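1. predicted model and sequence below, questions to follow.
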Amino acid sequence: MVFSLNLLSELVDLEGISAQALIERLTFAGFEVEDHRPASQASKLISGRILACENHPDSDHLHVLKVDCGPELGVRQIVCGAPNARADMSVIVALPGCELPALGKTIQAGVIRGVESNGMCCALNELGVPAEYLPPCEVKGIHDLGDYPAGDTEILKHLGYEDVLIDINVLPNRPDCLSYLGIAREIAALMGRKFLGAQRADLSNLSDSIRAINNTDDCAKLDILTADLGSRVDRTELARIDRYLELSGHRPISPIVDLGNYVMLLTGQPFHIYDMDRAHTDTFAASEGHTGEFSALDGKSYTIQPTDLTIDGSDGQPLCLAGILGGESSKDDASTRRIAVEAASFYHATIRHTSARLGVSSASSILFGKGVNPRMCRYATEVFVAELKRLFPDSELRSFSDDGKGVKDNQPFTFSTERLNHRLGTSYTEAEVDAVLKALGIARVGDEKVVGPFWRTDLNQQADIDEEVFRFYPADRVPLTYEGLPLTRGGLTETQRQVNEIRHTLEGFGLDEIISFTLESQAMSESVRCFDSAKAYRVLNPLTKDHEFVRIDLVPSMVSILERNAARQQDDLGLYEISATDSPNGRRELLCVGLLGAKLDQDRKGSRPWDFFDLKGIFEAVIRDLGIAESRLRLVRSTNPAFHPGMSADVLLGKQVICTFGELTPATFERPYLILEADLSALLAVRSGRTKQQPFGVHPTVRRDLSFDILGEASYAEIVKRARTGSKLLKDVELFDRYSDKRSGAESIGISLTFSADDRTLRNEEVEQAVTAVVTAITAKLPLKLRTGKE
Amino acid sequence: MDNELKQVVEQAQAEAAGVSDIPTLQALRAKYLGKKGPLAAFFARMKDVPADQRRAFGQSVNEARSQVEAIFQSAHEALEAKALAAKLERERVDITLPGHGPVTGTVHPYTKVVNLLTDFFVGQGYVVKDGPEVESDYFNFECLNIPADHPARDMQDSFFLEGGNLLRSHTSPVQARTMQDHTIELPFKIICPGKVYRRDNDATHSHQFGQIEGLCIGEDASLANLERTLTDMFKYLFGDKAEARFRPSFFPFTEPSIECDVSCFECHGKGCGLCKGSGWIEVLGAGMVNPDVFRLNGIDAEKYQGFAFGIGIDRMAMLLYGIDDIHRFYQDDLPFLKQFGKR
């Protein structure tokens, strides 16, 4: 909220306190000042009186003015384009040399279309007053000073625009400070200054002929005041009020509306003002339960429903959409003479919900939405009446009626300084705490309890006072210490460490980590699923259709990231993501790897396309990291329709698929995306024993390389399996060549066999016997033929 | 006789100097020092030398022989050195060619920050907790002192899901879940890194971003402990010169609440573009757990007290690595990702 320092200093003694000191104090007491700036900025101004105004001979809109600038400067000729310039009008003149930061220029004497001009007549926005809150006539033309005498060089000060505006971020627990009086009270407490407050009028002894009736629990208080305005308006007072409205961000409308807004700024209490000549009622009833159309004063019609609050007239029809907008039928304007003033407290959420549903927001609805203290309604009406008397000197009060509803006072609660110091780790003395309580108007009740003042609604437990003391004193009163901090055993769990290991392994493969969006489009959500076919959660209020579903699978986002990068000429893409997903079936941590393009060779002399076996190698490395024996897993061809049937595999643990990898099907995907997705949650749940050292052979091993022609269907896995049945001396089988002749289609395979015995060095004959046995084992069951060296 | 010996030595010197390979040199050496060589011939003449001169004669021949041996030795060494130099020259490689082996992958800046902070907090006795991103209204709001009609709910515009849940708008629900988990003994310290979602997408906001929630509960855990912890965290992240500043603030789940600023590590407090001239950078929010939150989660508010903090992962990464746009995090452009090594 933006505050004028001039108006604040009418409410609290700020004598001798700089704006900077005030800002500093507020900021470190929980009221962050987000911005501060002068209300106007200009040098070398003087008031002048237009003696003559003639049309410029060479222009259809410029005027040539003769302006009396007082005895010292005399009469000057000024060329002016303002449509409202006329003779016998006082204006603000910027003299040559005047700097106007709002326009980014310095005024200079010169010749405009052949006519000499010695200055400029100014509008308020040209002097730095924000244009958005000035009436349109003020922005279109120059500021009309009426009969103001010429020659005043401190014109801005005398007009009240020599002011500083501070924008304070008032936090949600302090709705009382969304008002000048509230902030003034706070400043008085923080700076140790006197709170001057606003004038209030006495409301006792007034008739209650026009009655306030409260028919709903959502209204904590309803007060109705009626008055006759009389015919006179104090123009000086109106100018003062309007200036403060402009500077605080409200546009002046009419004297009575401006008054309501001004007192709302002062007290934080929104008022609704009814024109009694139009309202035709002698009761105002806070109600709920209406349905139908409501014609509001903004000229629009709103459909109301039973939960909306209304203020009804004696005919039972709504006069006002409570807390939000008045009705067309009782709208007040410049012609209004008899008024009813409503000051109420409505339940914040009800106002917020109605306001949000109807898409209509006003200064009142915003304040009500943040919570208006029902204890302040009468207080605010008293301030209203005092200001009413100043603005409308002939006004007369007619009635005042209170809804008779009791408003609960603040309740005392237990507080101890010892407890405070224990919680904050501080050593505030009893006297220091008492000083804070006194400054903020918090009273002691007996030895152990305190109670907050009526204008505060946020003081209800010890912690609330802890906060008040903490923010009152400098931050360094809290020592920086570990004393009292509980000692606990920290560390990562086994699973968390394993995930880190996997990350390191993937980085070793040259993969770059990505993190993509959880929310995706319906098309993405339905495109690829590896482990969970549940219906994805749908967002009811998505920002766009592209972010409407909560992803269950990482593959669609991986594909979109690969695609995005490929479209940007990236041709070596090896990416991975580890993220958890949420589905109606629960939360699951997934690993997704995506490869596209060519990978750099090991010796970095060139590159070769990423292929299926890169994915397989990555999976095998992950399994090794997790200490899961490959024998516990089963590899089968994948039947996932999103994958290439000949170039994809599922890995099963028992009956559960825990990983799928391969190329995505070219039937759907334009690029040959190589994708691996693993169910990390399932893999991490596999129990694997701690490493135990095993005995290893000390006797020499013997290697033999064999080549076979493949004459039919035989997988490498089958060959290895058969080989192992041939001899117990066979310790290891490795692939050293796999060849397909592209022309003839002939295929061959080369395997390397390692033989050894744990207890002795093998003799030659033993090795030869073993080799023969292995070859027999293979060729007996598989369509393989041993190649001899001579062929 | 001495002249003859001298002549042999000089001749050996001259011949050895003309040899350019080791086998020829060895043959030449054998010629001079062998049984049929000129020096052997001198020894053969020994028996003809008068007895009184034999000693001197022997000495002269031996001396000449030593000289010849030394000549060949040094010639040999010279040839070896030359051969080695040639070999080394032959084997010279272009040391500017690229190294072998895979170029290791990179870590996403989000993960880098999580790892960095996890290391710090694990060292302080914290454990890492995870929680669901699809949350119930109860854990996301109610248990955290944000009841249905609380104005603070307006501060967090959330994504609501069919079926009544929502995407969590902060990592604080993990606090509530941990407090309500009776298998976890008090006192405890936890951090909960994770993704959060708010209905906000503009130049400075992404609808998805990361947070690290921290919570410490004990019988004596105080605001002073919190401020010390955060001060040390800033020094850990930004260097020993970093200073922390604490300002009172408001959050529904903590009281008192604080806003924490770190001294600007670019200008060290002088004022620059990064800190918008103030010398301080707003980094995170924290506070003492509101006793109402303890009551809502079944913790004895009379016996226990504690603190909580929330760190923006993206915000921290932007500060640490000078990232200029929050939207870069989830676009995953390779030229962006490649900038973040393991350190």
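-> Happy to help now that I have it. Bear in mind the structure is a predicted one, so any value in this text is a computation, not a measurement.
2. name the SS class of whichever residue of the stretch 1-150 of chain B sits closest to chain A, please.
-> Chain A sits closest to residue B:149 of the stretch 1-150 of chain B, with a gap of 3.4 Å, by CB to the nearest CB. All C-beta spots, glycine's among them, are computed from the backbone N, C-alpha and C. The local conformation at residue B:149, judged by DSSP: H, G, I helix; E, B strand; the rest coil, is coil.
3. and what of residue A:468?
-> helix.
4. that one touches residue A:433, doesn't it?
-> No: using CB atoms under 8 Å, residue A:468 is not in contact with residue A:433; the gap is 9.3 Å.
5. before we move on, the earlier item: tally of neighbours for the residue lying closest to the residue of the stretch 1-150 of chain B closest to chain A once chain neighbours are set aside?
-> Leaving out its chain neighbours, the residue that sits closest to residue B:149 by CB to CB, 6 or more residues apart in numbering or on different chains is residue A:349, at 3.4 Å. Counted with other CB atoms under 10 Å in any protein chain shown, residues neighbouring residue A:349 total 19.
6. ok so residue A:349 is a helix residue?
-> Yes: Residue A:349 forms part of a helix when assessed by three-state DSSP.
7. next, the contact list for the closest residue to residue B:231 other than its chain neighbours, please.
-> Closest residue in space to residue B:231, ignoring its immediate chain neighbours: residue B:244 at 4.3 Å, by CB to CB, 6+ apart. Residues near residue B:244 by CB atoms under 8 Å, 6 or more residues apart in numbering or on different chains: B:227, B:230, B:231, B:234, B:260, B:261, B:262, B:263.
8. before we move on, what about residue A:85?
-> Going by CB under 8 Å, 6+ apart, residue A:85 touches A:50, A:53, A:63, A:65, A:91, A:121, A:141, A:142.
9. could I get the residues you listed as CSV with pLDDT?
-> As requested, the contacts of residue A:85 are exported to CSV (pLDDT from 0 to 100):
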residue, pLDDT
A:50, 93
A:53, 91
A:63, 92
A:65, 92
A:91, 92
A:121, 92
A:141, 88
A:142, 92
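10. the residue nearest to residue A:474 when sequence neighbours are not counted - how many residues pack around it?
-> Nearest in space to residue A:474, with sequence neighbours left out and distances taken as CB to CB, 6+ apart, is residue A:28 at 7.3 Å. Neighbour count for residue A:28, taken as other CB under 10 Å: 19.
11. tell me the pLDDT of residue A:28.
-> In this model, residue A:28 is scored at 93, pLDDT.
12. list the residues that contact it.
-> A:471, A:474, A:475, B:247, B:248.
13. for residue A:343, state which of those is nearest.
-> Nearest to residue A:343 among the contacts of residue A:28 is residue A:471, at 30.4 Å by CB to CB.
14. contact partners for that closest one?
-> Residue A:471 makes contact with A:28, A:29, A:30, B:248, B:256 under the criterion CB under 8 Å, 6+ apart.
15. change it to 10 Å
-> The contact partners of residue A:471, by CB atoms under 10 Å, 6 or more residues apart in numbering or on different chains, come to A:28, A:29, A:30, A:31, A:190, A:436, B:247, B:248, B:249, B:256, B:257, B:258.
16. which strand or helix spans it?
-> Using DSSP states H and E, residue A:471 sits within helix A:462-472.
17. now do that helix: distance to the chain's middle.
-> Put simply, helix A:462-472 sits 27 Å off its chain's centre (CA atoms, centre = their mean, to the nearest Å).
18. helix or strand next in line after it, which one?
-> The helix or strand immediately downstream of helix A:462-472 is helix A:494-508, counting by DSSP H and E.
19. wait, doesn't the residue of the stretch 1-150 of chain B closest to chain A sit right on residue A:347?
-> Yes: using CB atoms under 10 Å, residue B:149 is in contact with residue A:347, at 7.7 Å.
20. so who does the residue most central in space within chain A touch?
-> Centroid-nearest residue in chain A, with CA atoms, centre = their mean: residue A:543, separated by 13.9 Å. For residue A:543, the contacting residues are A:519, B:159, B:199, B:200, B:201, B:207, by CB under 10 Å, 6+ apart.
21. could you tell me which of the residues you listed count as buried?
-> A:519, B:159, B:199, B:207 (16 or more other CB atoms under 10 Å in any protein chain shown).
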